[in-house]
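>>> requesting a structural model of the entry that follows:
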Amino acid sequence: MLLLRPDPVNSALRQPARPPLWLLGTLFLLGWPQVPASAQSAPEAAEPTACTLKNHLYTCDAAAFQKALTDAKTVAVETHSVDKLAQAQLKDLLIKKLAKTVVPDGAPTDLVFLLIPLGAEGMSVSPGETDLGTLRVYSANPDGTRARLLWAETYAGQQDLPWPATVHTLIAQFQAHFHIK
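Next up is the predicted model:
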């Protein structure tokens, strides 16, 4: 199971510890499609392809997300407006590797990909890893805005890792989960 931390809006939520990577790989290979992700907001409606919320933890159905990703023809990309590097790397994944059409903001779309940093506020004295960035995928409303959370991918590492390296590793982690080459 992959446990993902909440975004800064809900940073007060307490999350369980993350399992080691070898365990995650083993569970994924054994066909465990249910992957938990941290709570970020209340779900709008229960839907088979959406993540479900229980005890401040989202559980996302990997098989349902894979189907939604395969069926999607158009996607929208959301990053910080000045983050051209993250936009370029995410668009490269979506266009070149997934053969999706990226639409402009506000246009009708099938999925919305959100890539943002999860910065620690203040000074961290922890020698361990902290959550650095998240890639979240949402279904879309008719106006192209985010609807239901379908998948959440979080990368944790050393706090001094530069954002471009975090983006690269986060996208590579997402590709590995879904065997995207």
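>>> which stretches of the chain form strands?
For the chain, the strands defined by DSSP state E occupy 34-38, 52-54, 57-61, 74-78, 101-102, 111-117, 130-140, 146-157.
>>> so what touches the shortest one?
Residues external to strand 101-102 that are found in contact with it (CB atoms under 8 Å, 6 or more residues apart in numbering): 73-77, 91, 94-95. Any C-beta I mention is one placed from the backbone N, CA and C, and that applies to glycine too.
>>> switch to 7 Å and redo it
The set of residues that contact strand 101-102 without belonging to it, under CB atoms under 7 Å, 6 or more residues apart in numbering, is 73-75, 77, 91, 94-95.
>>> ok, so of those, who is nearest residue 180?
Minimum separation from residue 180 among the contacts of strand 101-102 (CB to CB) is found for residue 94, which lies at 10.3 Å.
>>> my guess is the closest one meets residue 74, correct?
No. Between residue 94 and residue 74 there is no contact under CB atoms under 7 Å: 9.8 Å.
>>> and the end-to-end length of stretch 90-100?
For stretch 90-100, the separation between the terminal residues is 11 Å (CA to CA, to the nearest Å).
>>> what of stretch 99-115?
For stretch 99-115, the end-to-end distance is 19 Å (CA to CA).
>>> how about residue 139: which residues does it bridge to?
Going by DSSP bridges, residue 139 is paired in beta bridges with residue 111.
>>> need the helices for the chain, in chain order.
Along the chain, the stretches classed as helices by DSSP state H are 21-29, 62-71, 84-92, 163-177.
>>> before I go, just wanted to say thanks for your time.
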